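In: Predicted model follows, preceded by the sequence.
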Amino acid sequence: GNSVTQMEGPVTLSEEAFLTINCTYTATGYPSLFWYVQYPGEGLQLLLKATKADDKGSNKGFEATYRKETTSFHLEKGSVQVSDSAVYFCALRGVTQGGSEKLVFGKGTKLTVNP
Amino acid sequence: EPEVTQTPSHQVTQMGQEVILRCVPISNHLYFYWYRQILGQKVEFLVSFYNNEISEKSEIFDDQFSVERPDGSNFTLKIRSTKLEDSAMYFCASRTSRETQYFGPGTRLLVL
């Protein structure tokens, strides 16, 4: 079945450091890939997505490229800020029965950015 | 900006008791979901709901669970007889016909 493996945290960085959170997936067909972020006390928010191979999703300085050859969708940001402190979830939406389009998530990676 | 809301934010209950978790999806959305996250584990799909019926459910979603859309705005998850292992954060989500799901802030359920 479909699955997502995500780099375990926690990750602690200093402000302006480079961030990479690794995400790999297993899926049949051509899934859509997502990064969701959860700020303290809030729900899961879509950060970015990519729907086909070689697509790059980007938002708020974060980027991730859909790599079919390595089945990966790593999240990167060149210079993190304290306000980026949150939990980041990688997810995929595969081809599902019944058209429910459920999401399959990774475990989440907690990022703390120190000033 | 419209958002998904969930109540309560925290719920503590005794094993064997019934709980109802409530969600108000975004008003023009058509597809509704419940997910849960046991502490330290992955966010897991429970059930999806469309056109007033369940469209898919996971093996976690056994006879102890039910969902309902009792009116035009609420979407509820009922656990009939809670177990210790039901302790988790429960997330509601909704979407239009487009694929992006919008999530609520979650309800943290603790079963004692």
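Out: Happy to help now that I have it. What you see is a predicted model, and the numbers here were worked out from it, not measured in a lab.
In: Give the closest residue to residue A:48 in space, chain neighbours not counted.
Out: residue A:57 (3.4 Å; Cβ to Cβ, 6 or more residues apart in numbering or on different chains). For the C-beta atoms, the positions are set from N, CA and C on the backbone; glycine is no exception.
In: Quick one: neighbours of residue A:105, just the number.
Out: Residues lying near residue A:105 (other Cβ atoms under 10 Å in any protein chain shown) number 23.
In: That one bridge partners, please.
Out: Beta-bridge pairing for residue A:105 (DSSP bridges): residue A:91.
In: Let's see the pLDDT reported for it.
Out: Turning to residue A:105, the model gives it a pLDDT of 94.
In: Likewise for residue A:97?
Out: For residue A:97, the model assigns a pLDDT of 57.
In: What strand or helix carries the residue nearest to residue A:48?
Out: Using DSSP states H and E, residue A:57 falls within strand A:56-59.
In: Which strands and helices lie in contact with that strand?
Out: Secondary-structure packing of strand A:56-59 (3 or more Cβ pairs under 8 Å, 6 or more residues apart in numbering or on different chains; DSSP states H and E): strand A:44-50, strand A:62-65.
In: Does the following helix or strand past the last one pack against any helices or strands, and if so which?
Out: Where DSSP H and E defines the elements, the next helix or strand beyond strand A:62-65 is strand A:75-77. Packing partners of strand A:75-77 (3+ Cβ pairs under 8 Å, 6+ apart): strand A:19-21, strand A:62-65.
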